[in-house]
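Peer 1: show me how the following folds:
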Amino acid sequence: MTRREAREQAFILVFEQEVREESIDHILHDAVEARDLVPSPFAEQEALGVEEHREEIDGTIEKHIRGWSIWRLSKVALALLRLAVYEMLWEKSIPYSVSINEAVELAKAYGGKDDATYVNGVLASVAKSLPKEERRDKPHE
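Peer 2: A predicted model of the protein is given here:
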């Protein structure tokens with residue numbers, strides 16, 4: 001499974017958590033039982049990370065959605081923003097540009113007509129707000 005496919009799995013788990021309002025562990029358990037799904041370790045780590053840091057992630061998102069409430073966002077956009085902000089703040093090996101690009105591509109596939117542009121704008125604002133020493137514009141070697 002590619003990293004892109006694993007990220008898509010993580011997005012689906014985060015989205016499903018928003019819809020079902022259940023823990024990621026419960027969703028994973030149900031997914032494995034009902035669909036014979038074995039999530040990749042990366043997808044599971046990302047979804048659990050979003051769940052663990054959700055309050056801080058949502059606070060970061062709210063600072064960058066100017067004039068909107070987090071609850072007015074589509075569930076797709078919110079799940080993608082949560083996943084990408086998690087990566088930007090806690091996954092040090094992933095460049096910001098990769099997190100942003102992947103979220104935009106998933107928004108094009110799963111979101112409404114304006115979601116990709118909106119997600120891109122919010123995530124670009126988040127990336128610019130992070131301290132310079134935290135910025136990872138190029139992959140680490």
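Peer 1: where in this structure is the helix or strand with the lowest mean pLDDT?
Peer 2: Ranked by mean pLDDT, DSSP states H and E, the weakest helix or strand in the chain is helix 24-35, scoring a mean of 80.
Peer 1: just to check, residue 63 is in contact with residue 122?
Peer 2: No: Residue 63 sits out of contact with residue 122 when judged by Cβ atoms under 8 Å, with a separation of 9.8 Å. Using the backbone N, CA and C atoms, a C-beta is placed for each residue, glycine as well.
Peer 1: which of those two has more neighbours?
Peer 2: residue 122 (25 against 12; other Cβ atoms under 10 Å).
Peer 1: where along this structure do the helices fall?
Peer 2: 3-20, 24-35, 41-52, 54-64, 75-90, 96-110, 115-129 (DSSP state H).
Peer 1: can you tell me how far the most centrally placed residue in the chain is from residue 123?
Peer 2: The chain has residue 83 as the residue nearest its centroid, 1.2 Å off, counting by Cα atoms, centre = their mean. Applying Cβ to Cβ, to the nearest Å, the value for residue 83 to residue 123 is 10 Å.
Peer 1: which residues are common contacts for these two?
Peer 2: Among the neighbours of residue 83, those also in contact with residue 123 (Cβ atoms under 8 Å, 6 or more residues apart in numbering) are residue 103.
Peer 1: any idea how far the least confident helix or strand of the chain is from the middle of the chain?
Peer 2: Centroid separation between helix 24-35 and its chain, computed with Cα atoms, centre = their mean, to the nearest Å, is 19 Å.
Peer 1: many thanks, I have nothing further to ask.
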